[in-house]
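Participant: whatever this is, show me its structure:
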Amino acid sequence: MSARVLSRSSRAVLPLPPRPIGKLVCQRSTPIPASYHTPTPIHVYPSSPHRTFTTSPSCFKKTGKVNRSHASTDSSPPVEGAAAPTSTDEAFDFSTLEANILRAIEKLTHDLSQLRAGGRFNPEKLESLRVTLVKGSKETVRLSDIAQVVPRGRTISIIAGEAEHLKPLTSAIASSPHNLTPQPSPDSPTTLLVTVPPPTGESRQQALDAAHKAAETANLAVKNARAAHQKKLRSLEKGRKVRPDDLQKAQKEMEAVVKRGGEEVKRITEGARRVLEG
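Facilitator: Now for the predicted structure:
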């Protein structure tokens, strides 16, 4: 048994005889197609993750100032090291102009909403009155914060939250420019009754005048917004930072924005005048 094992061990460690080099060459009668020699292309994918059609962010790194300015939406990925806006970009940037015009239109809409057709009194004017709770104090509160205004036809009920507020409420309403005289309600100790006078030709004209004044204020705000952007364009022109052709295009687009704003002011004002005259 030991001899057999030794024999096997000796055979296992015997070195292999060297093969002739000619034997390593594959003998083929048919040539290998050229396409087999073409190496398979290796696709190298970037290390950064691809953005998918989800609302989840692709990385959890805090967004820097540059990324916040260039990635306001989920469809535009953050841009690192983005170049600062050029002078041409500033010439065509109408965001401030449009924001100022929109602000003017919103104020116009609010002012016109305070007016009533035929010059009727708007109960919301009472809600915005300032009331002094402590005599001699400079602190005031809105009437709507301490009382409820309930219009009922030509009578408006002022329901106070506390009985001690009746006297300050009466003083605030009586001293307002609306020519109203509040009276205590016989049915409720915490309620004041205000009788609204019927509309007259004078009150109708006052409402129309107020609408005209609100429109003038809005048009002036649009004009001032245009002047501010025009000043920026002139500064770029003097510094020769923008090509003349680009300046002309920016000027034309600016006028289009201003024209749309003016047309919107006119449309809103004319609609309000028709309601007030009706």
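Participant: helix or strand next in line after the worst-scoring helix or strand of the chain on mean pLDDT, which one?
Facilitator: Taking mean pLDDT, DSSP states H and E as the measure, the chain has helix 65-70 as its least confident helix or strand, at a mean of 42. Sequence-wise, the next helix or strand downstream of helix 65-70 (DSSP states H and E) is helix 87-91.
Participant: pLDDT score assigned to the residue nearest to Ala250 when sequence neighbours are not counted?
Facilitator: Spatial nearest neighbour of Ala250, excluding adjacent residues (C-beta to C-beta, 6 or more residues apart in numbering): Ala91 at 4.1 Å. (C-beta placed from N, C-alpha, C; glycine too.) According to the prediction, Ala91 has pLDDT 86.
Participant: wait, Ala91 sits on Arg243?
Facilitator: No - applying C-beta atoms under 8 Å as the test, Ala91 and Arg243 come out as separate, 9.6 Å apart.
Participant: contacts only, for the closest residue to Thr140 other than its chain neighbours.
Facilitator: Closest residue in space to Thr140, ignoring its immediate chain neighbours: Arg130 at 4.0 Å, by C-beta to C-beta, 6+ apart. Neighbouring residues of Arg130 by C-beta atoms under 8 Å, 6 or more residues apart in numbering: 140-143, 172.
Participant: the strands in the stretch 101-250 of the chain, which residues?
Facilitator: Taking DSSP state E, counting those that start in this stretch, the strands of the stretch 101-250 of the chain run over residues 130-131, 141-142, 147-152, 155-160, 182-184, 191-195.
Participant: between these, which one is closest to Leu102.
Facilitator: The closest of the strands of the stretch 101-250 of the chain to Leu102 is strand 141-142. By C-beta to C-beta, the value is 26.4 Å.
Participant: related to what we said a few turns ago, output the strands of the stretch 101-250 of the chain in JSON lines; the columns should cover distance to Arg274.
Facilitator: Below are those laid out as JSON lines (distance: least, C-beta to C-beta, whole Å):
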{"stretch": "strand 130-131", "distance to Arg274": "33"}
{"stretch": "strand 141-142", "distance to Arg274": "32"}
{"stretch": "strand 147-152", "distance to Arg274": "23"}
{"stretch": "strand 155-160", "distance to Arg274": "26"}
{"stretch": "strand 182-184", "distance to Arg274": "33"}
{"stretch": "strand 191-195", "distance to Arg274": "29"}
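Participant: can I get those in a markdown table with mean pLDDT?
Facilitator: Converted to a markdown table, the strands of the stretch 101-250 of the chain look like this (pLDDT from 0 to 100):
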| stretch | mean pLDDT |
| --- | --- |
| strand 130-131 | 94 |
| strand 141-142 | 94 |
| strand 147-152 | 92 |
| strand 155-160 | 93 |
| strand 182-184 | 93 |
| strand 191-195 | 93 |
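Participant: which of these sits closest to Gly271?
Facilitator: That would be strand 147-152 among the strands of the stretch 101-250 of the chain, by C-beta to C-beta, at 23.5 Å.
Participant: which strands and helices sit next to the closest one?
Facilitator: helix 124-127, strand 155-160 (3 or more C-beta pairs under 8 Å, 6 or more residues apart in numbering; DSSP states H and E).
Participant: cutoff 7 Å now
Facilitator: With contacts defined as 3 or more C-beta pairs under 7 Å, 6 or more residues apart in numbering; DSSP states H and E, strand 147-152 has these neighbours: strand 155-160.
Participant: in the strand it packs on, what counts as buried?
Facilitator: 156-158, 160 (16 or more other C-beta atoms under 10 Å).
Participant: tell me which strands it pairs with, and in which orientation.
Facilitator: strand 147-152 (antiparallel), strand 191-195 (antiparallel) (DSSP bridges).
Participant: will you turn those into TSV that also has mean neighbour count and distance to Arg120?
Facilitator: Output for the strands paired with strand 155-160, formatted as TSV (neighbours: other C-beta atoms under 10 Å; distance: least, C-beta to C-beta, whole Å):
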stretch	mean neighbour count	distance to Arg120
strand 147-152	16	10
strand 191-195	18	13
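Participant: all good on my end, thank you.
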